[in-house]
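Novice: Build me a model:
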Amino acid sequence: GFYQEDEEGRPFYQYGGDFDDKYSWSNFTLDGYCTSDGGHKPSWQELGTVLFPAYARVENGDLLIKNTNDFTFLPYTCAYEIKRDGEVIAGAPLSVADVAPRETFSCPCPAVPETPVPGAVYDLDVVFYENGKEAMRKQFRLPDRANALPTQREPFAYTVRTDGDVLTVTGDDFCCAFTKGMLSSLEKDGKQRLAGAMKMNFYRAPTDNDGIVNLFPRHIKEWNDHFLNVLEQDVRSVTLTEKEDRLVLTAVVKCIADTMWEGFDVKLVYEIMAHGVIFINVEGTPFGTMPEILPRIGVVIPVPPAFDTVRWAGRGPGENYPDEKTATTVGRYTLPVAKMNFLYDVPQETGNRENVRFVRLCDGDDALTVAAKDDFAFSCHDFTLENLTQACHRNELQKSPVNYLYVDYKMRGLGSLSCGVDPEPAYELYTHAFRFCFTLSCADETAALQLARTDFGASTEALSGHYQFNYETRKQEFLDCDEHEKK
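Specialist: Below is the predicted model:
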């Protein structure tokens with residue numbers, strides 16, 4: 001791209017179509033591992049990890065490290081770390097002798113040094129050092145996992161008030177509200193955690209692999225033709241069941257575009273418990289002529305701008321996707337919202353994190369916390385999805401007055417369709433029925449871990465195979481107008 005600055009001095013890069021050129025390949029020539037300013041895209045770190053000459057794997061209880069070089073010995077020292085839910089709990093050097101070219105070093109796989117904590121997940125990191133500096137890190141999920149903790153609900157005092165479409169639940173130390181069946185407010189100790197209503201979301205700003213507008217429409221045309229970017233929520237019913245230790249609010253919603261008959265039938269079941277912990281069970285079933293492939297499935301939650309620090313247990317620190325996460329390992333990370341997203345020359349989907357146990361958006365000690373027994377994905381933007389989708393240059397991204405937390409059941413892989421193929425089937429997001437479960441609360445990190453290790457009675461899972469719409473051929477009966485008039 002060609003460097004340019006706008007009227008406010010913000011830099012951006014011009015590309016095909018920006019020079020009154022009649023014919024161009026748009027931003028197709030901006031593909032590659034680097035941005036126009038020479039910075040490395042996240043795919044650069046992924047490439048480095050994949051090509052690293054020490055290939056590690058766990059097999060039959062052994063850790064194997066192969067030297068993939070043809071002529072040189074491995075020049076690295078090595079150590080291991082064992083993590084529990086992203087936190088290092090043990091580690092030691094590995095006595096890896098000089099490994100000859102094409103030879104493999106083998107040792108017993110380091111064991112988890114404790115009785116597995118119920119609901120916790122364990123990972124093994126193999127870390128390679130060159131001249132005392134970390135050169136590469138490779139991670140493996142260990143099989144040690146005890147069953148999650150059973151739910152222990154406690155009775156609590158609450159009141160329920162209905163005002164039009166808004167239902168408000170007030171407890172001793174929290175207050176939450178639901179507008180047309182969608183969570184729209186959560187206060188704890190008098191401080192608001194939401195800046196608007198939670199919404200279902202099935203769209204992402206297309207990547208270059210998803211398509212390039214006015215050049216290679218690819219999936220963009222299909223998604224937009226099916227109005228995934230403008231699906232609205234039509235609430236069909238809201239019911240409330242009151243119990244001593246929880247309230248259960250059930251909302252039946254149709255996610256559908258105006259004048260169309262395709263989308264998702266969604267049932268949201270909220271279990272509101274003591275201290276403002278809300279277990280959310282979302283079940284969705286596609287209907288109508290939905291596309292075969294979706295960009296994502298999840299929810300988006302507006303959050304006040306003061307909650308501008310993100311803390312999470314999951315893959316990081318940089319962005320990662322189902323088919324691009326070798327270079328990012330499960331750990332504990334903290335970043336400001338402004339640093340959560342990679343700035344591509346042409347704005348597009350960015351900032352996703354996979355294999356997450358919990359994420360907390362923090363304002364000092366106050367937080368909005370999402371936690372789940374099953375892995376989920378998230379991203380956090382300080383710009384709107386519409387802005388990210390429509391912006392053609394990086395300077396066109398505008399900071400929004402609120403932050404947006406995207407919590408996803410599934411995110412589509414990236415693939416390489418710009419010059420290759422779509423994501424492999426394991427990373428493709430085919431349209432299907434699903435269940436997505438998570439908790440929303442104001443929990444601190446200790447309580448967030450406890451929530452992530454607790455079984456609330458439902459699990460995130462696919463509820464069907466690939467969805468296909470069946471057209472029915474029906475015999476049509478025609479009215480004979482002449483015969484009708486005679487009668």
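
Novice: Could you count how many residues lie near residue 381?
Specialist: 22 (other C-beta atoms under 10 Å). All C-beta spots, glycine's among them, are computed from the backbone N, C-alpha and C.

Novice: tell me the contacts of it?
Specialist: For residue 381, the contact set (C-beta atoms under 8 Å, 6 or more residues apart in numbering) comprises 337, 340, 341, 350, 351, 388, 400, 403, 404, 406.

Novice: one more time with 10 Å
Specialist: Neighbouring residues of residue 381 by C-beta atoms under 10 Å, 6 or more residues apart in numbering: 205, 300, 337, 340-341, 350-351, 387-388, 397, 399-400, 403-406.

Novice: Buried ones among those?
Specialist: Taking 16 or more other C-beta atoms under 10 Å as the criterion, what is buried in these is 205, 300, 337, 340-341, 350-351, 387-388, 397, 400, 403-406.

Novice: picking up where we left off before, of the contacts of residue 381, closest to residue 5?
Specialist: The closest of those to residue 5 turns out to be residue 397 (C-beta to C-beta; 15.1 Å).

Novice: for the closest one, what are its contacts?
Specialist: Listed by C-beta under 10 Å, 6+ apart, the contact partners of residue 397 are 10, 12, 341, 343, 347, 350, 381-384, 387-388, 390-391.

Novice: how about a cut-off of 8 Å?
Specialist: Neighbour list for residue 397: 343, 347, 383, 387, 388, 391 [criterion: C-beta under 8 Å, 6+ apart].

Novice: Same list, the residues you listed, but as TSV with distance to residue 280 please.
Specialist: Conversion of the contacts of residue 397 to TSV gives the following (distance: C-beta to C-beta, whole Å):
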residue	distance to residue 280
343	32
347	30
383	25
387	27
388	25
391	31
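
Novice: quick one: which of the residues you listed sit in helices?
Specialist: 387, 388 (DSSP state H).

Novice: Show me which pair in the contacts of residue 397 is furthest apart.
Specialist: 343 and 387, at 13.4 Å, using C-beta to C-beta across those.

Novice: At which residues are the helices of the stretch 251-400 of the chain located?
Specialist: 385-390 (DSSP state H, counting those that start in this stretch).

Novice: all strands in it, in order from the N-terminus.
Specialist: 263-272, 278-287, 296-303, 309-316, 329-336, 353-363, 366-381 (DSSP state E, counting those that start in this stretch).

Novice: what would those look like in JSON lines with mean pLDDT?
Specialist: What follows is the strands of the stretch 251-400 of the chain, written out as JSON lines (pLDDT from 0 to 100):
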{"stretch": "strand 263-272", "mean pLDDT": "98"}
{"stretch": "strand 278-287", "mean pLDDT": "98"}
{"stretch": "strand 296-303", "mean pLDDT": "98"}
{"stretch": "strand 309-316", "mean pLDDT": "98"}
{"stretch": "strand 329-336", "mean pLDDT": "98"}
{"stretch": "strand 353-363", "mean pLDDT": "98"}
{"stretch": "strand 366-381", "mean pLDDT": "98"}
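
Novice: Out of those strands, flag the one nearest residue 470.
Specialist: Going by C-beta to C-beta, the one of the strands of the stretch 251-400 of the chain nearest residue 470 is strand 278-287, 11.2 Å.

Novice: Could you report the separation of the residue nearest to residue 350 when sequence neighbours are not counted from residue 399?
Specialist: Ranked by C-beta to C-beta, 6 or more residues apart in numbering and with sequence neighbours excluded, the top spatial neighbour of residue 350 is residue 341, at 4.4 Å. Residue 341 is 12 Å from residue 399, where distance means C-beta to C-beta, to the nearest Å.

Novice: Could you dump the strands of the stretch 251-400 of the chain into a markdown table with distance to residue 79 added?
Specialist: Shown next, in a markdown table, are the strands of the stretch 251-400 of the chain (distance: least, C-beta to C-beta, whole Å):
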| stretch | distance to residue 79 |
| --- | --- |
| strand 263-272 | 43 |
| strand 278-287 | 39 |
| strand 296-303 | 37 |
| strand 309-316 | 20 |
| strand 329-336 | 14 |
| strand 353-363 | 22 |
| strand 366-381 | 26 |
